[in-house]
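J.: starting from these lines, generate the structure:
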Amino acid sequence: MKQADAQTQRLAALGFMLAGVCHELSNPLAAIYSMLQILQSKRGVTPETMEKGLASISSNIARVLAITRKLGDFSRVGGDAPAPVGVDTAMESALALLRYSEQGPGVEVTWRGAPGASVLARAGQLEQVFFNILLNAAQAMQGRGRIDAQAHLAEGSVVIAIRDTGPGIAAEHLGRVFDPFFSTKAPGEGTGLGLALCYEIAQELGGSIRASNNPQGGACFEVTLPA
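T.: Residues are numbered from 1 along each chain as shown. Below is the predicted model of the structure:
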């Protein structure tokens, strides 16, 4: 009975994922199709109209590509064998990526690492977890605020806490932030897969990730992984 329940849950999760993929892809594809219909139906399209139409098509194609890239990351089929990855090194790489993001330059970040701490992971996994959380914080703060990140060793595990000074997470959203395709961002501003990917990677590495709100304000993401 337990095996049947587990199979039912897996099928339900797969159905949810497929429904989410169809929904996320249908909107930009419908916008592309509509714009092409408009441009093809008009004779003597002005350069301004053509420019706006092509810009709309380009942005929606970028949206589709972003979703497919995230889905590729989410599936993580194959890849390198796990190897020791330094926590400080992965965070430094993630911070470098954050500085080049649209919302990153105006965010102040402090990082207190755990020298020598490492975890077994595939290439890029730990960096990806850190970057997705950092980027989510920067976006929540609209590119202005502070992120405090720190790591410490505790009973054979590495605990990484990333706190921000943003608006925090609404109580009704706390239980859903790691769901695939769940996003509070405006349409077109997020795929809803970043934090879901963090959750899947943490689980694969034998650890966990949880979200909470700081008593003094802002959100906190705590990642716990076997050292």
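J.: in its sheet, what does the top strand by length along the chain sit against?
T.: The residue-count maximum for a strand in the chain (DSSP state E) belongs to strand 145-154. Sheet pairing of strand 145-154 (DSSP bridges) gives strand 107-112 (parallel), strand 157-164 (antiparallel).
J.: what's in contact with the shortest one?
T.: Judged by C-beta atoms under 8 Å, 6 or more residues apart in numbering, the contacts made with strand 107-112 from elsewhere in the structure are 91-92, 95, 98, 134, 137-138, 141, 143-151. In short, each C-beta sits where N, CA and C put it, glycine included.
J.: quick one: mean pLDDT for it?
T.: The average pLDDT for strand 107-112 rounds to 93.
J.: and the next element down the chain from that strand?
T.: strand 118-121 (DSSP states H and E).
J.: ok, Ala83 - how many residues close by?
T.: Close neighbours of Ala83, defined as other C-beta atoms under 10 Å, add up to 11.
J.: the closest residue to it other than its chain neighbours: neighbour count?
T.: Nearest residue to Ala83, sequence neighbours excluded (C-beta to C-beta, 6 or more residues apart in numbering): Leu120, at 6.9 Å. Counted with other C-beta under 10 Å, residues neighbouring Leu120 total 16.
J.: so who does Leu120 touch?
T.: 82-85, 205, 226.
J.: repeat for Ile162
T.: By C-beta under 8 Å, 6+ apart, the residues touching Ile162 are 130, 133-134, 137, 147-149, 220-223.
J.: any chance of these in a markdown table, plus secondary structure, distance to Glu172 and neighbour count?
T.: Below are the contacts of Ile162 laid out as a markdown table (DSSP: H, G, I helix; E, B strand; the rest coil; distance: C-beta to C-beta, whole Å; neighbours: other C-beta atoms under 10 Å):
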| residue | secondary structure | distance to Glu172 | neighbour count |
| --- | --- | --- | --- |
| Phe130 | helix | 27 | 26 |
| Ile133 | helix | 21 | 26 |
| Leu134 | helix | 24 | 26 |
| Ala137 | helix | 20 | 27 |
| Ile147 | strand | 24 | 23 |
| Asp148 | strand | 26 | 18 |
| Ala149 | strand | 26 | 22 |
| Cys220 | strand | 18 | 19 |
| Phe221 | strand | 18 | 26 |
| Glu222 | strand | 21 | 15 |
| Val223 | strand | 23 | 26 |
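J.: now tabulate these in a markdown table and tack on distance to Ala62 and pLDDT.
T.: Shown next, in a markdown table, are the contacts of Ile162 (distance: C-beta to C-beta, whole Å; pLDDT from 0 to 100):
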| residue | distance to Ala62 | pLDDT |
| --- | --- | --- |
| Phe130 | 24 | 93 |
| Ile133 | 23 | 92 |
| Leu134 | 22 | 93 |
| Ala137 | 23 | 91 |
| Ile147 | 27 | 95 |
| Asp148 | 32 | 95 |
| Ala149 | 29 | 95 |
| Cys220 | 31 | 95 |
| Phe221 | 27 | 95 |
| Glu222 | 33 | 95 |
| Val223 | 29 | 95 |
